[in-house]
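# Below are the sequence and a predicted model for it; my questions follow.
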Amino acid sequence: MRSLVPVVIAVAVLALVQWLTSTSPYFTYLALVVGVNVVLAVSLNVINGMTGQFSIGHAGFMAVGAFSSAVTSMALNEYRIGFLPAGVEHQFFFIISLTVGGILAAACGFVVGLPSLRLRGDYLAIVTLGFGEIILVIVRNTPKLGGALGLSGKPQHTTLFAVWFTVFLVILFSRRLLTSPHGRNLVAIREDEVAAEAMGVDTTAYKVRAFVVSSFFAGVAGGLFAHFQSIIAPGDSFSFVRSMEIVVFIVAGGLGSTSGAVVAAVFLTLLPDAMRAVFIKFGGDNESLAQSIDQLRKPIFGLLLVLMMLTRPQGLFGTHEAWDWLKPKKKVEPQKGAAT
Amino acid sequence: MSAEPLLHAKKVSITFGGLKALADFDLEIRKGDLQGLIGPNGAGKTTAFNVLTGVYLPTAGDVLVCGERVNGRRPHQINRLGLARTFQNIRLFKQLSVLDNVRIAVLADRKPLFDRERVEKLKRSGFPNRLFGTGLDAIDNYRDWWRALLRTPGFLREEEGIEKRARELLDVMGLSHRVDELAKNLPYGEQRRLEIARALGTKPRVLLLDEPAAGMNTREKADLMVLIRELRTRFELGILVIEHDMKLVMGICEKLTVLDHGETIANGDPSAVRADPRVIEAYLGEAPAHA
Ligand SMILES: Nc1ncnc2c1ncn2[C@@H]1O[C@H](COP(=O)(O)OP(=O)(O)O)[C@@H](O)[C@H]1O
Ligand SMILES: [Mg+2]
């Protein structure tokens, strides 16, 4: 049961933060956006960073989770569970819809993961890219999902607690995965697929599993996203550009590094808002500035990525983790035969 | 010795385009055997390893591991039947620690949810059953992910067991002072020994070594050959070793197979092989390593 201690601590801390910040809608909104991006980055890192497969369709899985969980919770909204207080009931329904979103996304991950049995590198990337686009086309042409205009009128269930508890879970998941045989098998595939196979690792099965678990979290992130946006439309928030943004997070953070993905996602998400704040401080005019900064975001992303690749191609953290530096250095073991 | 060889190749051939890289290759390895596979560069030795371990599908002939025909099975399945190998062009998990390299190979000492043999059989059968087998396998595997994520006592015990075994193997291969280093930072000779430690991690019954002494100096080579003999008795293995250096291989192997242009040109005990005129001819073009 000691393994659950971090969960208890996280719950307590997050509840406190939520209570303290409940009066600041701006902060809360930023925290939600950042948190969703962190979940996306950390989960994509399982495929691209740990397993070394190149997926550029993560926004597609997010879209599956967003639209399916939104539809689920809109349907559930019709029902009442008599004996539960409304707040508890909402959260209960919310968890159900998030789970539905996650599972459907995971199912899509399974289907997309299957071609990765045969495809490598660029070809796999194209399949994932195609998947992302297909999802958008389906949404656009399905009136039930809001069509091209988007889906609105969803319950607004998402709280800071829900998002950051998911962040906590996905990080814990990544960490514990890496120190288990399953995570090691994924990394072995990244390092040398032929050798991994020769050492008894079922590489095809593990690649599919990487897709499944990663997509599950992307789906949950989508569900969280859907429940604090007033409208979700098959546009920017789920586009190819969005997928690339998530790729940039993990490449900048260092492919394979969970903590790198977290740091990069937080930093790069806050960057435009920080820029805006700085400009306003120096007397910029608010309206037009906000727009031009949003337009500047993509070129700045690109520039950062190029700079990063030139100066630090392994990313911010390489494959290292922040907590590796916190850990006390292991004592060097005495050499064999060192007589006393 | 047992009548059934652990590794049995029957008239195995493979062609690449028009090139016959291996022709009618026969081989029997039993427990305790230490066999050599030699031949000039490009003779087809590595290709033979690749066919035996399932990297390539033979164009003709059969490969049997522990009595089971393994043509068309994937390398990891063949490995689980008890056949492990090293690579001529070292293929370690470079960015990982020495310990992790071996840990990946070591299988947890865990009771599977479903009968392993039945699942494997299902996975090899026709369409509907195959899907069923794969499903059972996935269920078992995902259950194990949960144990790993929740850090159950059973999981922690298994992890300890894996680490202990990995450290033992590293000790055997003289690498215990290197456990925490990255594999890529080891000197060449130690990388080759790490490859052997990793292969041993899969608990093989037959070990295939592809030029394990390549790039080592004479002294290291001699040490390694002694070590290989020890491994055979200690782990009760059958060993097949590819080695370029005739003198070395003559020194430790009890039986030799000589390949040239994919053909088996000689087969038998070292002194007879050395005297064989075809072997001498094949090696004349090469450096006179056995002079
Ligand atoms: N995948 C392949 N495709 C085409 N030719 C191959 C392949 N693998 C090996 N060969 C050829 O088979 C022959 C035997 O190679 P190999 O088994 O590596 O020789 P060696 O005895 O030196 O290990 C060589 O001529 C090589 O070019
Ligand atoms: Mg070779």
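Happy to help now that I have it. Residues are numbered from 1 along each chain as shown, chains lettered A, B, ... in the order given. Ligands and ions are numbered 1, 2, ... in the order given.
# how about the nearest residue to B:Ala282 once chain neighbours are set aside, what does it touch?
Among residues not flanking B:Ala282 along the chain, B:Asp260 sits closest, at 4.3 Å (CB to CB, 6 or more residues apart in numbering or on different chains). Glycine gets a C-beta too; all of them are placed from N, C-alpha and C. Residues near B:Asp260 by CB atoms under 8 Å, 6 or more residues apart in numbering or on different chains: B:39-40, B:43, B:278, B:282.
# ok, and of those, which contact ligand 1?
B:39, B:43 (CB under 6 Å from any ligand atom).
# Can you tell me which of the contacts of B:Asp260 are buried?
For the contacts of B:Asp260, a neighbour count by 16 or more other CB atoms under 10 Å in any protein chain shown gives the buried set as B:39-40, B:43, B:282.
# A:Thr158 and ligand 2: what is the separation?
Per CB to the ion, to the nearest Å, A:Thr158 is found 59 Å from ligand 2.
# what's the helix or strand for that residue?
Under DSSP states H and E, no helix or strand contains A:Thr158.
# Next, count neighbours for residue 131.
Picked chain A for this. Using other CB atoms under 10 Å in any protein chain shown, A:Phe131 has 24 neighbouring residues.
# hm, I was asking about chain B
Neighbour count of B:Leu131, defined by other CB under 10 Å: 12.
# now do B:Glu158
B:Glu158: 20 neighbours (other CB under 10 Å).
# Is the one helix or strand it maps to in proximity to chain A?
Secondary structure from DSSP H and E places B:Glu158 in helix B:153-172. Yes: for helix B:153-172 and chain A, the contact criterion (CB under 8 Å from any CB of the partner chain) is met by B:155, B:159, B:162, B:171.
# Distance-wise, check the last one relative to A:Val163.
Just to be clear, that refers to B:Asp171. 48 Å (CB to CB, to the nearest Å).
# One more: the second one?
To A:Val163, B:Glu159 is 32 Å away according to CB to CB.
# in the chain, which spans are helices?
With no chain named, the answer covers chain A. Using DSSP state H, the helices found in chain A span residues A:5-21, A:25-45, A:58-76, A:86-113, A:121-140, A:160-178, A:181-191, A:193-198, A:203-226, A:240-253, A:258-281, A:286-311, A:322-326.
# Chain B, not that one
Using DSSP H, helices in chain B cover B:45-52, B:75-80, B:98-105, B:116-124, B:127-150, B:153-172, B:188-201, B:218-234, B:246-252, B:270-275, B:277-284.
# right, so those: which one is the most enclosed?
Greatest average neighbour count among the helices of chain B goes to helix B:98-105 (a mean of 26), per mean count of other CB atoms under 10 Å in any protein chain shown.
# which ones are touching B:Ser125?
B:Gly133.
# Whichever residue of the stretch 151-300 of chain A sits closest to ligand 2 and ligand 1: what is the separation?
Using CB to the ion, A:Val194 is the residue of the stretch 151-300 of chain A that sits closest to ligand 2, at 14.6 Å. Distance of A:Val194 to ligand 1, computed by CB to the nearest ligand atom, to the nearest Å: 12 Å.
# Alongside ligand 2, which residues does chain B contribute?
Proximity of chain B to ligand 2, by CB under 5 Å from the ion, involves residues B:46, B:88.
# Against the centre of chain B, work out the most remote residue.
Going by CA atoms, centre = their mean, the residue of chain B most distant from its centre is B:Leu150, 34.6 Å out.
# gap between that residue and ligand 2?
Using CB to the ion, we find B:Leu150 at a distance of 46 Å from ligand 2.
# B:Val119 contacts B:Asp137, correct?
Yes: here B:Val119 reaches B:Asp137: they are 5.6 Å apart, a contact under CB atoms under 8 Å.
# close to chain A, is stretch B:177-190?
Yes: using CB under 8 Å from any CB, stretch B:177-190 reaches chain A at B:177, B:179-180.
# if we can go back for a sec, turn the contacts of B:Asp260 into JSON lines, columns for pLDDT.
As requested, those are exported to JSON lines (pLDDT from 0 to 100):
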{"residue": "B:Gly39", "pLDDT": "89"}
{"residue": "B:Pro40", "pLDDT": "89"}
{"residue": "B:Ala43", "pLDDT": "91"}
{"residue": "B:Arg278", "pLDDT": "86"}
{"residue": "B:Ala282", "pLDDT": "80"}
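# Columns neighbour count, distance to B:Asn267 and pLDDT on top of the residues of stretch B:177-190 next to chain A, output as TSV?
Below are the residues of stretch B:177-190 next to chain A laid out as TSV (neighbours: other CB atoms under 10 Å in any protein chain shown; distance: CB to CB, whole Å; pLDDT from 0 to 100):
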residue	neighbour count	distance to B:Asn267	pLDDT
B:His177	16	41	95
B:Val179	19	41	94
B:Asp180	13	45	94
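# Any regions of the stretch 1-150 of chain B where pLDDT drops low?
B:1-3 (pLDDT under 70).
# What parts of it come near chain A?
B:53, B:55, B:74-76, B:79-80, B:84-85, B:87, B:91-96, B:100, B:103-105, B:107-108, B:134, B:137-138, B:141-142, B:144-145, B:148-150.
# one step back: residues contacting the helix holding B:Glu158, please?
Applying CB under 8 Å, 6+ apart, the contact partners of helix B:153-172 are A:179-181, A:336, B:98-99, B:102-103, B:106, B:108-110, B:144, B:147-148, B:176, B:178-179, B:194, B:197, B:200-201, B:231, B:234.
# Next: stretch A:298-311.
A:241, A:245, A:248, A:251-252, A:268, A:271, A:315-316.
# ok, of these, which come out buried?
Of the contacts of stretch A:298-311, these count as buried by 16+ other CB under 10 Å: A:245, A:248, A:251-252, A:268, A:315-316.
# Can you tell me which of those residues is nearest chain B?
Proximity of the buried ones among the contacts of stretch A:298-311 to chain B, judged by CB to the nearest CB, is greatest for A:Gly315, which lies at 13.1 Å.
# Who are the contact partners of A:Ile171?
Contact partners of A:Ile171, counting by CB under 8 Å, 6+ apart, are A:42, A:258, A:262.
# now swap in A:Ser237 and tell me
Contacts for A:Ser237 (CB under 8 Å, 6+ apart) come out as A:59, A:66, A:225, A:229.
# ok, now B:Lys94?
A:191-192, B:182-184.
# what's around the closest residue to B:Arg85 other than its chain neighbours, how many residues?
Spatial nearest neighbour of B:Arg85, excluding adjacent residues (CB to CB, 6+ apart): B:Leu208 at 4.0 Å. Look at B:Leu208: counted by other CB under 10 Å, it has 26 neighbours.
# isn't B:Leu208 right next to B:Phe49, touching?
Yes: contact between B:Leu208 and B:Phe49 holds when scored by CB under 8 Å: they sit 5.3 Å apart.
# Need the overlap of contacts for these two.
Counting by CB under 8 Å, 6+ apart, the contacts common to B:Leu208 and B:Phe49 are B:85, B:242.
# on that earlier part again, alpha carbons of the helix holding B:Glu158, as PDB, please.
Provided in PDB are the C-alpha atoms of helix B:153-172 (Å, rounded to 0.1, in the frame of the first residue of the first chain):
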ATOM      1  CA  PRO B 153       4.600  -7.000  -3.400                       C
ATOM      2  CA  GLY B 154       4.700  -9.800  -6.000                       C
ATOM      3  CA  PHE B 155       5.900  -7.400  -8.600                       C
ATOM      4  CA  LEU B 156       8.600  -6.000  -6.400                       C
ATOM      5  CA  ARG B 157       9.700  -9.600  -5.600                       C
ATOM      6  CA  GLU B 158      10.000 -10.400  -9.300                       C
ATOM      7  CA  GLU B 159      11.900  -7.200 -10.000                       C
ATOM      8  CA  GLU B 160      14.400  -8.200  -7.200                       C
ATOM      9  CA  GLY B 161      14.700 -11.600  -8.700                       C
ATOM     10  CA  ILE B 162      15.400 -10.100 -12.200                       C
ATOM     11  CA  GLU B 163      18.000  -7.800 -10.800                       C
ATOM     12  CA  LYS B 164      19.700 -10.500  -8.800                       C
ATOM     13  CA  ARG B 165      19.900 -12.800 -11.800                       C
ATOM     14  CA  ALA B 166      21.200 -10.000 -14.100                       C
ATOM     15  CA  ARG B 167      23.900  -9.100 -11.600                       C
ATOM     16  CA  GLU B 168      24.900 -12.800 -11.300                       C
ATOM     17  CA  LEU B 169      25.300 -13.000 -15.000                       C
ATOM     18  CA  LEU B 170      27.300  -9.800 -15.200                       C
ATOM     19  CA  ASP B 171      29.500 -11.200 -12.400                       C
ATOM     20  CA  VAL B 172      30.100 -14.400 -14.500                       C
END
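# Thank you, goodbye.
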